[in-house]
Each structure stands twice: as C-alpha cells, then as structure tokens.
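Enquirer: what follows is a predicted protein model with its sequence.
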Amino acid sequence: MTSFVRTITVARGVFAPGHLGELTQYLPFELVDDVLARSRAVQGRLPLLPSRVGVYFVLALAIFPAVGYLGVWGKLVAGLGPLAPVRPCEKALRDLRRRIGVTPLQMLFEAVAGPAAQPRTPGVCYRKWRTVAFDGCSSLRAPDQPRVRAWLGKMLNAGYGPEGYPHLRLMALCETGTRGLLGAVFGPTSKGETHYARRLLPLLNATMLLLADRAFAGNDFLVEAADTGAQLLVRLNSRRRQSDSNSRSDAVTNSRGRGRRRSSTRQWGGCASVGCCCPA
C-alpha cells in the first residue's frame with residue numbers, strides 16, 4: 001500500500017475555513033479581500049465568521065448544492081483538523097450570507113470571467129477568430145417564497161397548472177474551446193433567450209466568431225450582433241428564404257464589407273454565415 005501526503009496552506013484562526021481546496025488558486029485570498037473592500041462588505045470588527053469566509057462559503061454552496069448549510073461547512077473544514085473553529089449554527093451561516101450580499105460575488109465573477117485560453121491553444125480559434133457561443137438554461141429552480149414569486153412568477157404546464165417552484169432563465173456567453181464564461185445574466189423565464197443574449201452583446205468584439213443556433217436568427221438580433229464587429233455563423237431554418245434587398249438582414253451583409261473583401265450571406269444546408277469571411 002502506498003500513501004500520499006499533501007500539504008496545503010490555509011489562513012490562520014477564524015479565516016481558516018475560507019478556502020476551496022485546489023480552486024483557491026483561481027480565487028486567491030487577495031482577490032476576495034479586494035472585492036470585499038471595493039464593495040464595502042468587510043466586517044466592521046473581526047467576528048467568528050469573517051466576510052472572506054462568507055464568500056468562500058457561498059461559493060461552496062454552489063459546488064455542493066444538496067448537502068445543506070452545515071454539510072457545506074463541514075466540507076470547508078474537513079481538512080483543517082485541530083485548526084477547525086467551532087461549528088456555527090445554521091442561523092449564523094444564514095446571517096453571514098445575508099451580510100455579504102450579492103455585490104461582492106458579482107464583482108468576483110466579473111473579475112475572473114473572460115477567455116480562458118491563449119489564441120494558440122488547439123480548439124479555441126477558427127483561423128484568427130476565437131469561437132464563442134450563447135448557452136441558455138431555464139430549468140434552474142428558485143425558492144418558493146413570495147418575494148421570489150413576485151419577481152420570477154411560475155411556469156405553467158398545459159393541463160397541469162403552475163410548476164411547484166419558480167424557474168430562472170440563465171444565459172451565458174462562453175468560449176467554446178474551454179467552456180470558460182465571458183459573461184452571464186439571468187432573470188424570469190417570461191423573457192426569451194434573445195432578450196438576455198442582447199445584454200451580453202457588448203462582450204463581443206472583432207476577434208470573435210459567434211456560433212449560434214436558429215433561436216438567435218432574428219433579423220434585428222443579427223444586426224445588433226454584427227454591429228459589435230464579431231463574425232457570425234448562425235444556423236437558420238432550411239425553409240427560410242433569402243430576404244429582399246430592402247430588409248434589415250441585408251443591412252448586415254452589406255454594411256460589413258471591408259476593403260476588397262465584401263461580406264455576404266451564404267447558406268449551406270441550413271447554416272448561414274452572416275457578415276463572415278469564412279469559406280464554404
């Protein structure tokens with residue numbers, strides 16, 4: 001039998017539970033302390049549950065969603081041994097989560113979101129463009145509480161009435177080669193995917209090739225996406241006709257020409273390259 005021993009470095013005292021194992025190297029203490037300071041969420045005095053520990057605790061809740069507050073706390077302190085502090089009650093952990101609020105977590109996401117690979121990494125780029133895509137989900141459930149229901153409402157099933165829990169629609173812009181997130185937004189399912197995708201369009205730029213399915217093939221959306229400077233490769237319905245010369249979709253194809261390379265809309269087996277110089 002062979003035994004492996006690994007040494008890890010943690011903070012001292014009440015800060016010891018504030019880590020996520022190997023993931024802490026991507027979210028170091030200095031970064032968490034910085035977003036807490038900028039969001040004015042640092043504790044006024046040093047309690048048994050500092051704000052930094054609260055940030056790592058909320059992140060751990062997302063990693064272990066089915067074990068409850070005390071179960072997640074147990075995973076944070078499992079490797080600390082004698083360094084582990086006294087286990088708090090659920091109310092103390094709930095108050096900690098409310099104290100730090102959402103702003104530090106939003107700022108933390110914005111600080112680390114972005115392309116995760118170098119342009120030369122295999123599978124990340126097509127020619128000189130980094131490939132990105134929208135990815136949406138509407139199966140996320142939220143707590144069935146009055147304030148949440150007032151915001152999200154409930155989905156209706158034909159013949160079965162409303163769902164038991166409110167649902168959340170999440171839309172992300174990701175790097176296809178690494179699945180790294182460039183940005184994400186969420187809200188009620190009463191709004192469609194393109195509504196949320198529009199909020200992510202400012203993240204596109206001329207170095208990117210956007211891959212999208214037919215849900216994002218509306219003319220107005222394509223015009224807005226083309227205005228970001230990104231190249232577009234969009235899947236269209238095979239029954240869709242080429243538009244008239246006065247339509248807005250032609251505005252995409254005619255306004256993107258640069259120099260001698262004139263952009264065009266080309267269709268191959270249900271896919272269309274809109275304002276893109278990619279060859280067939």
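Expert: Yes, it's here. Residues are numbered from 1 along each chain as shown.

Enquirer: list the contacts for the closest residue to Thr178 other than its chain neighbours?
Expert: Closest residue to Thr178 apart from its sequence neighbours, by CB to CB, 6 or more residues apart in numbering: Ala116 at 4.4 Å. Using the backbone N, CA and C atoms, a C-beta is placed for each residue, glycine as well. Neighbouring residues of Ala116 by CB atoms under 8 Å, 6 or more residues apart in numbering: Glu175, Thr178, Gly180.

Enquirer: if we only consider those, which is nearest to Val35?
Expert: Using CB to CB, Gly180 comes nearest to Val35 of the contacts of Ala116, at 19.2 Å.

Enquirer: my read: that closest one touches Pro115, true?
Expert: Yes: using CB atoms under 8 Å, Gly180 is in contact with Pro115, at 6.3 Å.

Enquirer: which of those two has more residues huddled nearby?
Expert: More crowded of Gly180 and Pro115, by other CB atoms under 10 Å: Pro115, with 19 against 16.

Enquirer: quick one, what contacts the more buried one?
Expert: Contacts for Pro115 (CB under 8 Å, 6+ apart) come out as Val124, Arg130, Glu175, Thr178, Gly180, Leu182.

Enquirer: helices of this structure, residue ranges please.
Expert: Secondary structure of the chain (DSSP state H): helices at 29-38, 51-63, 68-76, 90-100, 103-112, 146-152, 193-200, 219-226, 248-255.

Enquirer: can you pull the buried residues of the second one?
Expert: Taking 16 or more other CB atoms under 10 Å as the basis for neighbour counts, the residues of helix 51-63 that come out buried are Ser51, Arg52, Val53, Gly54, Val55, Tyr56, Phe57, Val58, Leu59, Ala60, Leu61.

Enquirer: which helix or strand in this protein has the lowest average pLDDT?
Expert: strand 265-268 (a mean of 42; mean pLDDT, DSSP states H and E).

Enquirer: per-residue confidence at the nearest residue to Asp33 once chain neighbours are set aside?
Expert: In this structure, Asp33 finds its nearest non-sequential neighbour in Arg52, 6.2 Å apart by CB to CB, 6+ apart. Predicted confidence (pLDDT) for Arg52: 93.

Enquirer: wait, isn't Arg52 in contact with Glu30?
Expert: No: contact criterion CB under 8 Å: Arg52 and Glu30 do not qualify, at 10.3 Å.
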